[in-house]
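*Asks:* from the sequence below, what's the structure:
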Amino acid sequence: MPGARVHEGRPMRVLRSRLDVAVALMARGRVQAVLVSGDGAGTSGDEIEAMIAYLVEQGVNRERIVADPYGLDTYDTARRAVATYGVRQALITTQAFHLPRAVALCRRAGIDIAGVRAANDVRLRTRLRNLAREYVLSRPKAFLELRFPRDPAVETPPDDRLAEILAGLEHGAVAAPPSAS
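*Replies:* Predicted structure coming up:
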């Protein structure tokens with residue numbers, strides 16, 4: 001799951017919507033674990049800690065969450081998901097304006113991916129700013145990244161936690177997802 005802005009350690013609306021979809025998917029048994037990816041030292045705060053805290057508050061078992069604090073942008077999130085965490089198949093949850101780019105970058109990275117749309121319940125001004133950023137900056141950047149792949153900004157050794165969680169689930173070692181309310 002790609003990160004987004006946080007405020008005073010709490011996810012803002014865009015990120016909260018993504019997290020709410022992840023909680024619902026876990027409750028329905030559609031996903032078994034969540035890879036939260038974002039900037040652990042972001043300008044708005046630690047996206048990773050905010051995402052983990054929110055998911056746990058919503059009843060997600062902490063043992064089912066893997067954190068990638070170096071997913072500095074969508075491209076890095078996708079590339080690191082494969083290179084560092086071994087992701088080959090996934091669902092990604094994000095807003096409709098971001099979904100085509102996120103899915104394209106994940107597919108290019110080698111992930112069999114499906115997108116799940118999160119709500120975009122923000123003020124008109126924020127929505128317009130997000131759309132402008134998406135179409136003026138992010139999509140042209142993604143076009144170049146798709147055309148001329150680069151290594152992620154931060155490369156780290158492989159991390160098997162996600163595979164271990166999924167393997168543990170197959171053997172009943174990790175608690176069940178939260179129940180649907």
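
*Asks:* can you point me to the longest helix in the protein?
*Replies:* helix 13-27 (DSSP state H).

*Asks:* neighbours of P11, just the number please.
*Replies:* 23 (other Cβ atoms under 10 Å). Every residue, glycine included, has its C-beta placed from N, CA and C.

*Asks:* for it, phi and psi?
*Replies:* Per-residue torsions, P11: phi -70, psi 140 (degrees, to the nearest 10).

*Asks:* quick check: it touching M51?
*Replies:* Yes. Counting by Cβ atoms under 8 Å, P11 touches M51, with 6.5 Å between them.

*Asks:* shared neighbours of the two, which are they?
*Replies:* Listed as contacting both P11 and M51 by Cβ atoms under 8 Å, 6 or more residues apart in numbering are L19.

*Asks:* so which elements touch whatever helix or strand comes next after the longest helix of the chain?
*Replies:* Once helix 13-27 ends, the next helix or strand along the chain (criterion: DSSP states H and E) is strand 34-37. The helices and strands touching strand 34-37, judged by 3 or more Cβ pairs under 8 Å, 6 or more residues apart in numbering; DSSP states H and E, are helix 47-57, strand 65-68, helix 74-83.

*Asks:* ok, now with 6 Å
*Replies:* Judged by 3 or more Cβ pairs under 6 Å, 6 or more residues apart in numbering; DSSP states H and E, the packing partners of strand 34-37 are strand 65-68.
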